[in-house]
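Q: Output the structure for:
(2 chains)
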Number of protein chains: 2
Amino acid sequence: MMEDFSIEALRCIVGERGVITDEADLAPFCTDWRGMFKGRARCAVLPRCTAEVAAVVRLCAAARVPIVPHGGNTGLSGGATPDASGEQVILSLSRMSAIRSLDVIGETMEVEAGCILQVAQEAAADAGLLLPITLAAEGSARIGGILSTNAGGTNVLRYGMARGRVLGLEVVTADGSIVSGLRQLRKDNAGYDWKQLFIGTEGTLGIITAAVLQLAPKSRQRVTALLAVPSADEALAVLRLARQAIGETLNAFELMSGPALELVARHVGLTTPLAPAPWYVLLEASSSLPSLRDAVEEMLADVLERGAASDGVIAESEKQERELWHLRESITEAEAREGRSIKHDVSVPIALIPAFLRVADEAVMNAFPLARINAFGHAGDGNIHYNVIIPPDADSQALNRLVHDLVVDHGGSISAEHGIGQYRVDELHRCRSAPELELARRIKLALDPAGLMNPGKVLPQTIVTG
Amino acid sequence: MMEDFSIEALRCIVGERGVITDEADLAPFCTDWRGMFKGRARCAVLPRCTAEVAAVVRLCAAARVPIVPHGGNTGLSGGATPDASGEQVILSLSRMSAIRSLDVIGETMEVEAGCILQVAQEAAADAGLLLPITLAAEGSARIGGILSTNAGGTNVLRYGMARGRVLGLEVVTADGSIVSGLRQLRKDNAGYDWKQLFIGTEGTLGIITAAVLQLAPKSRQRVTALLAVPSADEALAVLRLARQAIGETLNAFELMSGPALELVARHVGLTTPLAPAPWYVLLEASSSLPSLRDAVEEMLADVLERGAASDGVIAESEKQERELWHLRESITEAEAREGRSIKHDVSVPIALIPAFLRVADEAVMNAFPLARINAFGHAGDGNIHYNVIIPPDADSQALNRLVHDLVVDHGGSISAEHGIGQYRVDELHRCRSAPELELARRIKLALDPAGLMNPGKVLPQTIVTG
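A: Numbers count the residues shown, from 1 in each chain, chains lettered A, B, ... in the order given. Sure thing, here's the model as predicted:
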């Protein structure tokens, strides 16, 4: 039986200022930051604690009102944007932003879902530790969103995805129960590790309210270098040499095409200190041990001698480090200024990156002769942002399908780190096998049988409604 | 409707030699290696490929015959031992032991579930890489068992649990479907990460048949040291100094009590090169960088100067390294020779290890005045093997409950790395919260509604049968 749902009842739970209904105030919650998706909502509700989240979920569940969890709204797939019905309630975690505790000996911190990543990073740094999740949106992205999308970023090569940082989790399930597993344990094989279900499922199974994160020791040495390389194949040769020479110290290994850096030069006015080349590698290494820089210099000399790179520079100061990273980080902005771009956040086995790029470039240029390809990304972990600048009237869905089919052919993923949200639901269901989708369906039905948790995201809504 | 089940039908699937029914041949499959659990089985079936596993599961599912997956039979919780009914079929993965491929550039390997861990380790080493899962049973344990129990071991501090090594998985689900996700991707956020459900759930949701594992660069320098420390508190002070000084290079940080090494001296005849002390720390670090040894020596000098350790020795050769590790690895054998021991594989937040040890020692000695406590373990990751040697007539269940209650009081886990199997089902259900158990129940019912996958393990059988 559906119970009455009222804004007044929500206000009783979260307080007068915890419910937003004014259209202008609501607007920022109803669109994603790229402006690709727009929806409508009954209201946004901002609980102050886990018990309030649970009460809101129970109220909505009783009235069959769907909930869209909302963090820093920095997602790239529309996962936090409501649909057009105006029936959904946005549940923002932004008022739950406390760092509950930090344990220096155990190297852990307990944070609420609304804590901004950068705030958590700074708290860890103040304690002499490192929270090794690094991404462009870290000044706005919130921990709940980071975990529910299993965020990636530039240091996955060394530290893994966000999933790997989670020791403990607190969630509110679809029926409004609080499940608390905020343990600070690196080893815990006591029963099903249910927290894995809520990480990376984009709020479709429940709402993450707090987490215990594993920190890492802070490195005392850091070396950043930019290399010009003749081909993607040679970039992989550099990667192999670097892994052999400086192994565990490699934080990031970023690949950027010559055309990508030409866009940066044109639109952002930044240029590399190296001669023009078909490809560039930006690498960063860090370590507690003092001999890091010598080892990197030796490795780069070897790379140049073998011809795997044609030129290279090591940053001599923090300022130069920032300048090198700024090149990499400006690609997205430069691309946006160049024209209409269609983004593909794909991954393939690292060894297949050159083959994938060759095949995809040829296929895209054949099908879209006016296209320009802007490929860059985290080559060290197989993640390529294979973006294509196309004329306004070109068929972007046909382009998506073309690229994604080639990704699947190469054993890859159509979403390496940006998730599915609403943007890639159809493509996911085209590209993944029936048995994999069936497992997802069973999990969804088991944990959210009424289909009220972020409906239409990741899985098609028809999975629940039949 | 239940269909006919016959040994003959199984033979049709796996071949004449793939079914074991002779009682003597079956015996090794029906008891665990510690001899704590004994059961009976209809037969053991040994498929040669994933399709045969699927066919066996379908046959059993149609006839409602329960399946007990079986790997290297090195588990410590009876997870691979059938019950007493004689109705269950043991499904051994031992004939599926291939290393299907190894990718040096991507640093991955694809292995079948029956591959012995040490064989996989050696294949990685031959390729200049490291498979960083290290445990005492590595010469017999098989990859399927390693993953389905989310094995730990001595290098979790650096490399994490077995779960973190898994990039891709192939499983056969309870209905006999093959779900293949053998992707070699470090980043893959395309939909629910269903493989997490099969890792660490001990075959209760399906059968792991193959996996893609992530390898690591092989270190070129290694340093092993043994320290004598005055207290568990000072051991943690050493840990903190080590994390600050040599951070990411620390592979293992093992804590051993004085009494534990007295047992080793008495029963195995091995002695430490250090003066007697209340506690000892065995630490191992490795790195690609040449300055590791200098950094460790400097760190140890600092530790001694501060009085966090009273004595210390660094191994000067591989032989000495092995001798130091042999002390640690002999504790289990020495304990077995001393008398009846009750093992507790627990973890607590690292900072609480000393407090837990103090409280537990006092409580145990109060309740069991004749007990002797043998505490050792992986202090660097919070995992203590808190074993207690008690007289034959002492109440081991009362002891379990006493220790586990204190573990829960300290925010710990009653099974850090050994899993639940059949040994700890009751204790798990006593110690975990109702909402956590409810989530496990829902997952089990969604993926194995008939309750035929390793019944009675991890979850009480009543969860399914009601």
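Q: Give me every residue in the stretch 301-450 of chain A lying close to chain B.
A: Applying CB under 8 Å from any CB of the partner chain, we find that the stretch 301-450 of chain A lies next to chain B at A:347-351, A:378, A:381-383, A:411-420, A:424, A:428, A:431-433, A:435-440, A:442-447. Every C-beta, even on glycine, is put in place using the N, C-alpha and C of the backbone.
Q: in the stretch 301-450 of chain A, what residue is nearest chain B?
A: At 3.5 Å from chain B, A:Ala446 is the closest residue in the stretch 301-450 of chain A, using CB to the nearest CB.
Q: Is it correct that that residue falls within a helix?
A: Yes - A:Ala446 sits within a helix when classified using DSSP: H, G, I helix; E, B strand; the rest coil.
Q: So for the residue nearest to it when sequence neighbours are not counted, what pLDDT did the model give?
A: The spatially closest residue to A:Ala446, leaving aside those adjacent along the chain, is B:Ala446, at 3.5 Å (CB to CB, 6 or more residues apart in numbering or on different chains). The predicted structure scores B:Ala446 at 97 on the pLDDT scale.
Q: Next: A:Glu3.
A: At A:Glu3, the predicted lDDT confidence score is 60.
Q: and if you look at the one 3 residues further on?
A: At A:Ser6, the model reports a pLDDT of 93.
Q: neighbours around it, how many?
A: When neighbours are counted by other CB atoms under 10 Å in any protein chain shown, A:Ser6 registers 11.
Q: how near is it to A:Val89?
A: As for A:Ser6, its distance to A:Val89 is 12 Å (criterion: CB to CB, to the nearest Å).
Q: cool, and A:Leu428?
A: Look at A:Leu428 and A:Val89: by CB to CB, they are 25 Å apart.
Q: Check A:Leu135 too.
A: According to CB to CB, A:Leu135 and A:Val89 sit 28 Å apart.
Q: Neighbour count: the two, which is higher?
A: Between A:Leu135 and A:Val89, A:Val89 has the larger neighbour count (other CB under 10 Å), namely 24 against 18.
Q: so what's the more buried one up against?
A: Taking CB atoms under 8 Å, 6 or more residues apart in numbering or on different chains as the definition of contact, the neighbours of A:Val89 are A:Leu10, A:Ala41, A:Arg42, A:Cys43, A:Ala44, A:Val45, A:Val56, A:Cys60, A:Val65, A:Pro66, A:Ile67, A:Val68.
Q: same check, this time on A:Ala225
A: For A:Ala225, the residues meeting the contact criterion (CB under 8 Å, 6+ apart) are A:Leu282, A:Leu283, A:Glu284, A:Val296, A:Leu300, A:Gly312, A:Val313, A:Ile314, A:Ala315, A:Leu324.
Q: who wins for neighbours among the residues you listed?
A: Counting by other CB under 10 Å, top hit in the contacts of A:Ala225: A:Leu283 with 28 neighbours.
Q: I'd say that one and A:Val229 touch.
A: No - with the criterion set as CB atoms under 8 Å, A:Leu283 and A:Val229 do not qualify as a contacting pair; they are 11.1 Å apart.
Q: Identify the contacts common to those two.
A: Shared contacts of A:Leu283 and A:Val229, defined by CB under 8 Å, 6+ apart, comprise A:Val238.
Q: For A:Val212, which non-adjacent residue is closest in space?
A: Spatial nearest neighbour of A:Val212, excluding adjacent residues (CB to CB, 6+ apart): A:Gly168 at 3.4 Å.
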